[in-house]
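In: this is a predicted model, with the sequence first.
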Number of protein chains: 2
Amino acid sequence: MRAALMYAAGDVRVGHVADPVVKEPTDALVRITAACICGSDLHPYHSMSASGGPVRMGHEFIGVVEETGNQVASVKKGDLVVAPFAYSDGTCEYCRAGLQTSCVHGGFWARNGIDGGQGEAARVPLADGTLVKLPVGADDALIPSLLTLSDVLGTGHHAAVRGGVRQGSTVTVIGDGAVGLLAVLASKRLGAEQIVLMGRHTARTDLGRAFGATDVVAEREADGIEKVRELTGGGSPIVIEAVGHRPAYEQAYGVVRPGGTISRVGAPQYEDAPIGFGSLFGHNITLTGGPAPARAYIDELLPDVLEGRIEPGRVFDRAVGLDAVPDGYRAMDAREALKVLVRP
Amino acid sequence: MRAALMYAAGDVRVGHVADPVVKEPTDALVRITAACICGSDLHPYHSMSASGGPVRMGHEFIGVVEETGNQVASVKKGDLVVAPFAYSDGTCEYCRAGLQTSCVHGGFWARNGIDGGQGEAARVPLADGTLVKLPVGADDALIPSLLTLSDVLGTGHHAAVRGGVRQGSTVTVIGDGAVGLLAVLASKRLGAEQIVLMGRHTARTDLGRAFGATDVVAEREADGIEKVRELTGGGSPIVIEAVGHRPAYEQAYGVVRPGGTISRVGAPQYEDAPIGFGSLFGHNITLTGGPAPARAYIDELLPDVLEGRIEPGRVFDRAVGLDAVPDGYRAMDAREALKVLVRP
């Protein structure tokens, strides 16, 4: 079958890979009907060395079940399913606690011999714990919004949940990528009253306003921090960091209010960063977040998508076939596209 | 009057300083009857350069009110009072939220022209917001335990509260200094069921057991981490870091369970540290804590001390007069003494 492969930074190609087969009785084979490119896919697109490639790509997909192992009970051939960006057994202590990204038997797509989402099909390990059946057809108009359940909507929601957003909250969201915009939507959905979006791409921040942002701050660094502190009367009690680069984290502790919380969902592209007296400790700032257990949130978010109360699929502003995936990376990297839908 | 002064690392002397006077109508003058040396005083004792000295020392004290400014209403001449380690107005947004260490008009002792606790007397700014009257005499047998309300008991309690300790919790406490031991006591008081104390000084860890530790791990680094992960069945859901040095923080993310919380109360002697995918982010670890709003906790903790349900004063294993404060620093630094009480 054909799948996207990253050979090195800036070098994505579509090539032939082995057809997936059922290996374990808990596997399902899924023919992928909708996938996408993630902001986090741009991190290796910027930095991957050729010695690490080629690697499979993609971790968000919807597809049709083609075959199941004999222990799979929750989905069957012909079902349309969505896969969260981590597979998980659904039964371990962490899955039961709603932290499927730490599942003891789980893992992430496109690593360690596991298929990626940017391809024609995928072997899905632990299908019962991982897949969720969708009550629509593969060509339904809701597919873009349903696809966000696999990562970006769940991730935005996770950011808001971990940040403690509730009725009346004031939240600042750093980053106008798809995750940042859906963190705005998720914060609004949970009742936030003031939502400050930090971003400087008007088309994106306009969508952020449509999703519920009450203020947009285009300034960066010290100017941006001052502006947010002014807008929030001395600092934002909740700050969502939806980028993953260290300057965004520095902005986060710059705008957070004493006693407040920074919730990170942008996969950090750094390991060490300031957490001492002058950044987090002195004013009792809480730092939280991590990879969203998207699987845990599907039950809660799916009805809102199906009934049209939220339209997270608006983050997709371009759709391509598998052949054009390399150009999709280029367009997202050049910020010509916010998020690219792939129809293999 | 006489007070302790630090001239440089390892060089503490008792010298003469100006007698404090009421400067503001919100001030109180307090004649100090009991003070102490804090583990955090050892940080400058290890690192202070001579160019920074001499500086006043001490931030924990009990004393008798000698005089008050004309706006002070809550304490009067003759009252025995305890001062938390930060002074605060008691009325600003942060004080009302119980975060007095971020008071907009407050500050810390022994800095910026403010008196320290290791001396004969102190001018107390914002006396109404800061001081709490004690219903005992200055020579009461409870004085050592009451003195811990000014910092170490409140700090141990803050660590437990921020960590989310409740009935049935499993907690690991890193550090067998006074704060670590009182974090054990506070965790036990809040209902923790398993309390693992990491420390290797038997006299201290024995006191930790008396305070409620169920397990003691003397090993450090990888061995210590392995032992704690084994004892807690895969990692501790709550970890209290009561040291402040980076290796203790590294131990904290080594022993914490996925989805767990690290609560820091040891003043960090570092600014940058790991918070990326491999330390905090990957398993959704929350990092919290900071300077304890000891003032906020006195109302809750005082009855337990007065009625003898807890005996936090057991952390004091030596008492000295003002003249012997330099030797007190030496003894604490040499780990001959756990915590030194000062009777000026």
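Out: Yep, that arrived.

In: please count neighbours and contacts with C-alpha atoms only from this point.
Out: Fine.

In: so A:Pro268 sits in a helix?
Out: No. According to DSSP: H, G, I helix; E, B strand; the rest coil, the state of A:Pro268 is coil, so it is not within a helix.

In: quick one, phi/psi of it?
Out: phi -60, psi 130 (degrees, to the nearest 10).

In: ok, the most centrally placed residue in chain A - contacts?
Out: For chain A, A:Val152 is the residue whose C-alpha lies nearest the centre (CA atoms, centre = their mean; 3.0 Å). A:Val152 sits next to A:Ala178, A:Val179, A:Leu182 when contact means CA atoms under 8 Å, 6 or more residues apart in numbering or on different chains.

In: quick check: which element contains the second one?
Out: With elements taken from DSSP states H and E, the one containing A:Val179 is helix A:178-189.

In: give me the helices and strands touching that helix, please.
Out: Contacts defined by 3 or more CA pairs under 8 Å, 6 or more residues apart in numbering or on different chains; DSSP states H and E place helix A:178-189 against helix A:152-163, strand A:170-174, strand A:194-198, helix A:202-211, strand A:236-241.

In: which one of the ones you listed lies nearest to B:Ala97?
Out: Of all these, it is strand A:236-241 that lies closest to B:Ala97, at 12.3 Å by CA to CA.

In: who does the helix or strand just after the closest one touch, helix- and strand-wise?
Out: Sequence order places helix A:246-255 as the next helix or strand after strand A:236-241, per DSSP H and E. Where contact means 3+ CA pairs under 8 Å, 6+ apart, helix A:246-255 is packed against strand A:170-174, helix A:221-231, strand A:236-241.

In: which of these sits closest to chain B?
Out: Closest approach to chain B among the helices and strands packed on helix A:246-255 (CA to the nearest CA): strand A:236-241, 11.8 Å.

In: the closest one and chain B, are they touching?
Out: No. When contact is scored as CA under 8 Å from any CA of the partner chain, no part of strand A:236-241 falls within range of chain B; the minimum is 11.8 Å.

In: listing partners with orientation, what would you give for that strand?
Out: Take DSSP bridges as the rule and strand A:236-241 pairs in its sheet with strand A:170-174 (parallel), strand A:256-264 (parallel).

In: show me where the stretch 51-200 of chain A has its helices.
Out: Using DSSP state H, counting those that start in this stretch, the helices of the stretch 51-200 of chain A run over A:93-96, A:127-130, A:143-147, A:152-163, A:178-189.

In: what sits against the closest residue to A:Gly63 other than its chain neighbours?
Out: Counting by CA to CA, 6 or more residues apart in numbering or on different chains, A:Ile32 is the residue found nearest to A:Gly63 once chain neighbours are left out, at 4.0 Å. Each residue near A:Ile32 by CA under 8 Å, 6+ apart is listed here: A:Phe61, A:Ile62, A:Gly63, A:Val64, A:Gly117, A:Gly119, A:Glu120, A:Ala121, A:Ala122, A:Pro344.

In: one more time with 6 Å
Out: Listed by CA atoms under 6 Å, 6 or more residues apart in numbering or on different chains, the contact partners of A:Ile32 are A:Ile62, A:Gly63, A:Glu120, A:Ala121.

In: can you tell me the element it falls in?
Out: A:Ile32 belongs to strand A:28-36 when assigned by DSSP H and E.

In: which is the succeeding secondary structure element to that strand?
Out: helix A:42-47.

In: what distance separates that following helix from the middle of the whole chain?
Out: Offset of helix A:42-47 from its chain centre (CA atoms, centre = their mean, to the nearest Å): 16 Å.

In: over to stretch A:308-327?
Out: How far stretch A:308-327 lies from its chain's middle: 13 Å, per CA atoms, centre = their mean.

In: and A:Lys339, what's its pLDDT?
Out: Looking at A:Lys339, its pLDDT stands at 98.

In: spit out the contact partners of it.
Out: Neighbouring residues of A:Lys339 by CA under 6 Å, 6+ apart: A:Phe316.

In: same thing but at 10 Å, please
Out: Listed by CA atoms under 10 Å, 6 or more residues apart in numbering or on different chains, the contact set of A:Lys339 reads A:36-39, A:177-179, A:313-319, A:328-329, A:331-332.

In: of these, select the buried ones using a ChimeraX command.
Out: A single ChimeraX command selects the buried members of the contacts of A:Lys339 (16 or more other CA atoms under 10 Å in any protein chain shown):
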select /A:36,37,38,39,177,178,179,313,314,315,316,318,319,328,329,331,332
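
In: neighbours of A:Arg246, how many?
Out: A:Arg246 is flanked by 16 other residues according to other CA atoms under 10 Å in any protein chain shown.

In: actually A:Ala97, not the one I wrote
Out: 13.

In: angles on the backbone of it, please.
Out: Per degrees, to the nearest 10, the backbone of A:Ala97 is at phi -90, psi 0.

In: my guess is it contacts B:Gly259. True?
Out: Yes. Using CA atoms under 10 Å, A:Ala97 makes contact with B:Gly259 at a distance of 9.1 Å.

In: and stretch A:23-43, how far out from the chain middle?
Out: On CA atoms, centre = their mean, the centre of stretch A:23-43 falls 13 Å from the chain's centre.

In: that one spans what distance, first to last residue?
Out: Stretch A:23-43 has an end-to-end distance of 31 Å (CA to CA, to the nearest Å).

In: with stretch A:50-62 instead?
Out: 30 Å.

In: stretch A:31-41 too?
Out: With CA to CA as the measure, the ends of stretch A:31-41 fall 21 Å from one another.

In: next, format the helices and strands packed on helix A:178-189 as JSON lines and append mean pLDDT.
Out: Compiled in JSON lines, the helices and strands packed on helix A:178-189 are given as follows (pLDDT from 0 to 100):
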{"stretch": "helix A:152-163", "mean pLDDT": "98"}
{"stretch": "strand A:170-174", "mean pLDDT": "98"}
{"stretch": "strand A:194-198", "mean pLDDT": "98"}
{"stretch": "helix A:202-211", "mean pLDDT": "97"}
{"stretch": "strand A:236-241", "mean pLDDT": "98"}
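
In: turn those into CSV, columns for distance to A:Phe281.
Out: Output for these, formatted as CSV (distance: least, CA to CA, whole Å):
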stretch, distance to A:Phe281
helix A:152-163, 17
strand A:170-174, 20
strand A:194-198, 24
helix A:202-211, 31
strand A:236-241, 15
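
In: three-state assignment of the closest residue to A:Asp323 other than its chain neighbours?
Out: Excluding the flanking residues, the one nearest A:Asp323 by CA to CA, 6+ apart is A:Val14, at 6.3 Å. Of the three states, A:Val14 takes strand under three-state DSSP.

In: and A:Val14, how far from chain B?
Out: According to CA to the nearest CA, to the nearest Å, A:Val14 and chain B sit 29 Å apart.

In: and the gap between the residue nearest to the centre of chain A and chain B?
Out: With CA to the nearest CA as the criterion, A:Val152 and chain B are 17 Å apart.

In: same question, A:Val82
Out: As judged by CA to the nearest CA, A:Val82 and chain B stand 23 Å apart.

In: go on, A:Glu60?
Out: In terms of CA to the nearest CA, A:Glu60 sits 18 Å off from chain B.

In: mind listing what that residue touches?
Out: Counting by CA under 10 Å, 6+ apart, A:Glu60 has contacts A:32, A:34-38, A:82-86, A:109, A:116-118, A:147-152.
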